[in-house]
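> Sequence isn't available, so here's the structure alone:
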């Protein structure tokens, strides 16, 4: 399951829409071992293509080194598909190299529906997972539980 | 002679889980052959018949080795080599 704040989810979707018709891509870093996405890092798509994305080599080096220094890891790796569904393609699967990351896909093929979905990709195998959207730090607080129930409903494919 | 080589998560199966290993060589090619002698199979993940694999980024200190001569890039004691699989994908 991916737990992510409304704000971060919105930032991913906004980035995808801004870069359409090129594929958008990026990372959300979080403290190592916590599985919490916290720090939004949109990346340049060095391919600048509507059908392919690739992190710029030096930008990736800088971001990965920075995460290492901050004791973070890439919790979410996201990208957009601009004319197909938000599901990992064969190339997405073959290049997936962070087994601990949540691979988030959105699609910009339909202006009204971002199709925000999340997947684990491990050893060439894809598993879709639930997305739980909420406010950061929304833990077991009784007064928030009703809000979280509504959020969980909204997180379903719209 | 020690050159530190930083290994990404997916290649740590070749290094017994180690994030970093040491090696020796005068060029990147020599260094990779040296690593292969202790971590069998690692070299094949980095290099193919044409040279450095296209979707593996290798950095010598702070520079991408593609701009330093690729496999022929000179390396020396005290250098740090970092390997990062490219993050990439597409619709097909």
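Noted; the coordinates are in hand. Small disclaimer: the values here were computed from a predicted structure and weren't measured.

> only C-alpha atoms for contact and neighbour calcs from this point on.
Fine.

> so which strand or helix has the closest residue to residue A:57 other than its chain neighbours?
Spatially, and ignoring its direct neighbours in sequence, residue A:57 is nearest to residue B:57 (6.7 Å; CA to CA, 6 or more residues apart in numbering or on different chains). Using DSSP states H and E, residue B:57 maps to strand B:56-60.

> List the neighbouring strands of that strand plus their orientation.
Using DSSP bridges, the strands paired with strand B:56-60 are strand B:63-64 (antiparallel), strand B:80-85 (antiparallel).

> which residues are contacting the next helix or strand after the last one?
Downstream of strand B:80-85, the next assigned helix or strand under DSSP H and E is strand B:88-90. Counting by CA atoms under 8 Å, 6 or more residues apart in numbering or on different chains, the neighbours of strand B:88-90 from elsewhere in the structure are A:23, A:51-55, A:81, A:89, A:91-93, A:95-96.

> rerun that using 10 Å as the cut-off
If you take CA atoms under 10 Å, 6 or more residues apart in numbering or on different chains as the criterion, strand B:88-90 is touched by A:23, A:25, A:45-47, A:49-56, A:79-82, A:88-97, B:55.

> where do the strands sit along the chain?
Looking at chain A here, since you left the chain open. Along chain A, the segments classed as strands by DSSP state E run A:2-5, A:25-31, A:39-43, A:52-54, A:72-81, A:102-107, A:117-122, A:125-129, A:131-134.

> could you do chain B instead?
B:3-6, B:20-23, B:47-48, B:51-52, B:56-60, B:63-64, B:80-85, B:88-90.

> Please state the offset of the third one from the chain centre?
Okay, so that is strand B:47-48. Mean-position distance between strand B:47-48 and its chain equals 11 Å (CA atoms, centre = their mean, to the nearest Å).

> List the neighbouring strands of that strand plus their orientation.
If you go by DSSP bridges, strand B:47-48 pairs up with strand B:51-52 (antiparallel).

> The strand it pairs with: how far from the chain's middle?
For strand B:51-52, the separation from the chain centroid amounts to 10 Å (computed by CA atoms, centre = their mean).

> now stretch A:101-115
Centroid separation for stretch A:101-115 versus its chain: 9 Å, with CA atoms, centre = their mean.

> Compute the first-to-last residue distance for that stretch.
Stretch A:101-115 has an end-to-end distance of 19 Å (CA to CA, to the nearest Å).

> Ok, stretch A:34-47 next?
End residues of stretch A:34-47 are separated by 32 Å (CA to CA).

> State the mean pLDDT of it.
Per-residue pLDDT values over stretch A:34-47 give a mean of 97.

> Kindly compare burial across the strands paired with strand B:56-60 and name the winner.
Counting by mean count of other CA atoms under 10 Å in any protein chain shown, strand B:80-85 has the highest mean neighbour count of these, with a mean of 22.

> in the chain, which ranges drop under the pLDDT threshold?
By default, I'm working from chain A. A:136-158 (pLDDT under 70).

> Sorry, I should have been clearer: chain B.
When residues are selected by pLDDT under 70, those of chain B lie in B:1.

> Could you find the closest non-adjacent residue to the residue most central in space within it?
The centroid of chain B falls nearest to residue B:83 when counting by CA atoms, centre = their mean (5.0 Å). Nearest residue to residue B:83, sequence neighbours excluded (CA to CA, 6+ apart): residue B:58, at 4.6 Å.

> Also residue A:32?
Take residue A:32 and drop its neighbours on the chain: the residue closest to it by CA to CA, 6+ apart is residue A:72, 4.5 Å away.

> Next up, the contacts around the one you found.
With contacts defined as CA under 10 Å, 6+ apart, residue A:72 is in contact with A:28-39, A:64-66.
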